[in-house]
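Undergrad: Test case, fold it:
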Amino acid sequence: MLRGAGLLPLLLASAAAWRPPLSRTLNPSLSPGRSPSRSPNLSPGLALSLRRGMATSHRTGALGSAGGEGDARRVSPSAERNKGFIAAVLLERLPPAPEPVRVLEVASGTGQHAAHMAEALGPRCVWQPTELDDGSFESVKAWAADAPPGTILPPVAVDVMPFADAELGAAAAAAQREALPEELRGDGADLVLNCNMIHISPWACTAGLFALAAEVLRPDGLCVLYGPFRVNGEMVESNQNFDLSLKSRDPAWGIRDLEAVEAEAQRFGFALAETVEMPANNLVVLFKRSQP
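TA: Below is the predicted model:
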């Protein structure tokens, strides 16, 4: 099995099969060496297809199995398609080797992203998977079994809502905080990653995500979101239909306005640093934590 840098060429080759991606740096001072796009509009991207598969409390869709009977690894088709593209974006923006990389993944789903990134980063990776409950933990653990030893920590149950919902109380947030390992508390994380959650959860989860990220990230650390967004009030027809479908299932769900997400991030000390267009009309959105 490939380790560390040996996997990087494969990741980049996978990403290279799709053109561009187009990166927009919205604040050049927050992302040295990258220039903002001259165009204020994001291109329509590729067609939407079968991209919602993580069956957790926040997700809908059918899951498959990675192997035969007895294989606990569940497979989300959307995660399988997007993991290489997301990894290629992250690997360019994380601390260079041999510096350790500590990642808190909020809403890990099946565990495919954790396994893929741990393989790419090798032994310098410390990846903490989380989910709202333990329903997907067996899958996460099974995927982690093939990762370099010690790179993926045991999954923990974390609910982000108490971090920003005063009605739930400080005690509820403290209980969630205690679930995290000590090395990821108090500016211990380099990156917080959240994929395909904020459009299929109440808005309070978006606030809670940034509140949690503000607690665990080092200064200049990144909070990275992946998923569909409405940009400048617009989105392609396929995402419009998807948005209507989400709201028919739960009025609190729906594709979020990037500008509203940015405003929420600013409340917790984050600045929108960069957006990167991805296949299937999705974006990777990178927020940088301000210096304290």
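Undergrad: quick one: the helices in this protein?
TA: Taking DSSP state H, the helices of the chain run over residues 8-16, 77-91, 112-121, 137-144, 170-178, 203-216, 237-249, 258-267.
Undergrad: Would you mark the buried spots in the second one?
TA: Counting neighbours by 16 or more other CB atoms under 10 Å, one finds that the buried residues in helix 77-91 are 77-79, 82-91. Glycine gets a C-beta too; all of them are placed from N, C-alpha and C.
Undergrad: from those, which is closest to A273?
TA: Nearest to A273 out of those is V89 (CB to CB; 12.2 Å).
Undergrad: The closest one contacts V285, correct?
TA: No. When contacts are counted by CB atoms under 8 Å, V89 is not listed as touching V285 (10.4 Å).
Undergrad: can you list residues touching both of those two?
TA: V276 (CB atoms under 8 Å, 6 or more residues apart in numbering).
Undergrad: re earlier: now the helices of the chain as CSV including mean pLDDT and distance to F229?
TA: Shown next, in CSV, are the helices of the chain (pLDDT from 0 to 100; distance: least, CB to CB, whole Å):
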stretch, mean pLDDT, distance to F229
helix 8-16, 39, 20
helix 77-91, 92, 15
helix 112-121, 92, 19
helix 137-144, 95, 26
helix 170-178, 85, 26
helix 203-216, 95, 12
helix 237-249, 97, 9
helix 258-267, 97, 4
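Undergrad: Reformat those helices as TSV; add distance to T130.
TA: Shown next, in TSV, are the helices of the chain (distance: least, CB to CB, whole Å):
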stretch	distance to T130
helix 8-16	24
helix 77-91	15
helix 112-121	10
helix 137-144	9
helix 170-178	9
helix 203-216	9
helix 237-249	23
helix 258-267	19
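Undergrad: just those helices: most buried one?
TA: Comparing these by mean neighbour count (mean count of other CB atoms under 10 Å), helix 112-121 comes out on top with a mean of 25.
Undergrad: and that one with helix 77-91, angle?
TA: Here the directions of helix 112-121 and helix 77-91 differ by 40 degrees (axes from the mean of the first three to the mean of the last three CA atoms, to 10 degrees).
Undergrad: Give me the packing partners of helix 112-121, helices and strands only.
TA: helix 77-91, strand 101-106, strand 125-131, helix 137-144 (3 or more CB pairs under 8 Å, 6 or more residues apart in numbering; DSSP states H and E).
Undergrad: Which among these is found nearest to K247?
TA: K247 sits nearest to helix 77-91 of all the helices and strands packed on helix 112-121, at 19.6 Å, using CB to CB.
Undergrad: measure the spatially most central residue of the chain to R267 for me?
TA: Centrality entry for the chain: nearest residue to the mean C-alpha point is N194, 2.5 Å, by CA atoms, centre = their mean. Shown here: N194 relative to R267, a distance of 17 Å by CB to CB, to the nearest Å.
Undergrad: neighbours around the residue nearest to P129 when sequence neighbours are not counted, how many?
TA: Excluding the flanking residues, the one nearest P129 by CB to CB, 6 or more residues apart in numbering is S108, at 3.8 Å. Residues lying near S108 (other CB atoms under 10 Å) number 30.
Undergrad: ok, S108 touching V140?
TA: Yes. Applying CB under 8 Å as the test, S108 and V140 come out as touching, 5.8 Å apart.
Undergrad: Residues in contact with both of those two, list them for me.
TA: By CB under 8 Å, 6+ apart, the residues touching both S108 and V140 are 114, 129, 131, 155.
Undergrad: Highest neighbour count among those?
TA: With neighbours taken as other CB under 10 Å, the top of the shared contacts of S108 and V140 is P129, carrying 29 neighbours.
Undergrad: For S238, see how far away W127 is.
TA: 32 Å.
Undergrad: For the closest residue to G111 other than its chain neighbours, which residues are in contact?
TA: Spatial nearest neighbour of G111, excluding adjacent residues (CB to CB, 6+ apart): V140 at 3.4 Å. By CB under 8 Å, 6+ apart, the residues touching V140 are 108, 110-111, 114, 129, 131, 152, 155.
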